[in-house]
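Chemist: Coordinates only, no sequence provided:
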Ligand code: IPM
Ligand code: MN
């Protein structure tokens with residue numbers, strides 16, 4: 001719900017499964033440290049995910065749905081347990097995010113891919129400043145719109161359908177062009193650019209996606225329009241990522257590109273997400289619940305912490321409240337300093353910091369009591 005600045009913002013928190021609770025607690029601690037005694041944020045905790053499915057028969061309890069709907073913003077850890085599946089083989093825990101997205105029409109999934117100082121990239125020949133792009137993933141249509149609606153025919157054939165609508169494509173394209181206007185352009189040449197990623201050379205649905213994006217681009221003559229087919233795009237993400245500024249794409253393609261991108265610049269563990277609808281904001285790291293390392297205290301909470309920063313920045317815009325953008329900024333600076341110092345490098349980044357050590361460092365830094 002957007003509107004005027006408030007005395008206090010309600011944040012719904014869902015810890016979820018696997019490493020979800022560990023990374024989520026870390027981000028909440030950092031937010032609390034950044035806010036200090038100001039009482040600006042009020043947190044409430046709610047259940048959801050695979051464990052909740054096992055206990056209650058649904059991954060998204062109605063009470064949690066209502067809490068997310070009514071909150072000013074929602075922070076999520078991660079959900080999912082590969083052993084908890086529906087009879088059709090799909091993961092039950094994933095109903096949590098997927099049903100929230102469709103029921104609240106959370107149509108834009110925004111993920112930054114940025115190479116930070118102090119982080120060793122997995123691609124060669126690139127340094128800090130060379131990679132800084134944003135993937136704007138359509139979040140409710142595309143191939144995943146079929147979730148639960150596909151057909152399995154006599155245990156012999158199966159199908160799902162790609163759903164691309166004009167309205168859905170126009171609004172995600174607009175988000176991408178608007179975002180490009182707020183950025184400094186691609187690292188390679190400083191050009192503000194939107195790259196439309198599709199498979200327009202093969203399928204009608206993607207050719208339509210490209211056509212509608214091109215129509216929207218006419219309203220943004222100041223932004224360069226660029227196209228890439230998705231198979232070429234994954235190669236470009238490795239060979240010339242500096243060319244990209246804002247990338248807009250269909251749901252499943254965006255899901256895939258937004259795992260590859262963060263991996264090229266170090267780790268999925270660094271990648272935040274803002275999932276945005278009209279007046280609704282849902283924030284979580286792009287990584288999953290990583291059950292293999294859950295409970296060991298070694299998960300990288302940075303993606304969730306940066307998601308919390310995105311949450312503050314989104315709320316700041318929604319409510320025209322500069323106090324929140326200042327908090328978001330402080331969190332970002334703390335993360336960037338910690339990475340550059342080597343103080344918050346977890347195992348996935350070649351370091352040995354624990355989740356607690358990262359959290360303690362960031363809490364001290366955002367509270368102004370750090371080194
Ligand atoms: C993501 C995740 C989700 C998705 C799953 C867990 C439902 O992979 O947010 O990228 O596919 O969108
Ligand atoms: Mn994903």
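Modeler: Yep, it's here. From a predicted model like this one, the values you see are computed outputs, not experimental measurements. Ligands and ions are numbered 1, 2, ... in the order given.

Chemist: Every contact and neighbour count from this point should use C-alpha atoms.
Modeler: OK.

Chemist: quick one, phi psi at whichever residue of the stretch 251-371 of the chain sits closest to ligand 1?
Modeler: Of all residues in the stretch 251-371 of the chain, residue 255 sits closest to ligand 1, at 4.9 Å by Cα to the nearest ligand atom. Torsion angles at residue 255 (phi, psi; degrees, to the nearest 10) stand at phi -60, psi -40.

Chemist: now residue 249
Modeler: Per degrees, to the nearest 10, the backbone of residue 249 is at phi -160, psi 170.

Chemist: of all the residues in this protein, which ones are close to ligand 1?
Modeler: 94, 97, 98, 255, 286 (Cα under 6 Å from any ligand atom).

Chemist: So the second one: helix, strand or coil?
Modeler: Reducing the assignment to helix, strand or coil with DSSP: H, G, I helix; E, B strand; the rest coil, the entry for residue 97 is helix.

Chemist: Could you count how many residues lie near it?
Modeler: Counted with other Cα atoms under 10 Å, the neighbours of residue 97 add up to 20.

Chemist: Tell me how far it lies from residue 147.
Modeler: Using Cα to Cα, to the nearest Å, we find residue 97 at a distance of 12 Å from residue 147.

Chemist: who does the helix or strand harbouring residue 362 touch, helix- and strand-wise?
Modeler: Using DSSP states H and E, residue 362 maps to helix 355-366. Where contact means 3 or more Cα pairs under 8 Å, 6 or more residues apart in numbering; DSSP states H and E, helix 355-366 is packed against helix 20-35, helix 322-341.

Chemist: model confidence over that helix, on average?
Modeler: Averaging pLDDT along helix 355-366 gives 98.

Chemist: now it and helix 20-35, what's the angle there?
Modeler: 20 degrees (axes from the mean of the first three to the mean of the last three Cα atoms, to 10 degrees).

Chemist: Next, count neighbours for the closest residue to residue 340 other than its chain neighbours.
Modeler: Nearest non-adjacent residue to residue 340, counting by Cα to Cα, 6 or more residues apart in numbering: residue 118, 4.1 Å away. Number of residues near residue 118 (other Cα under 10 Å) recorded here: 19.

Chemist: where does residue 118 sit relative to ligand 1, distance-wise?
Modeler: Residue 118 sits 26 Å away from ligand 1, going by Cα to the nearest ligand atom, to the nearest Å.

Chemist: Pretty sure that residue sits against residue 342.
Modeler: Yes. Between residue 118 and residue 342 there is a contact at 6.3 Å, judged by Cα atoms under 8 Å.

Chemist: Which residue ranges of the stretch 101-250 of the chain form helices?
Modeler: Counting by DSSP state H, counting those that start in this stretch, one finds helices in the stretch 101-250 of the chain at the ranges 166-182, 204-217, 230-239.

Chemist: any idea of the mean pLDDT for the last one?
Modeler: Read that as helix 230-239. On average, helix 230-239 scores 98.

Chemist: returning to what we had before: is it possible to export the helices of the stretch 101-250 of the chain to a markdown table including mean neighbour count?
Modeler: Converted to a markdown table, the helices of the stretch 101-250 of the chain look like this (neighbours: other Cα atoms under 10 Å):
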| stretch | mean neighbour count |
| --- | --- |
| helix 166-182 | 19 |
| helix 204-217 | 18 |
| helix 230-239 | 15 |
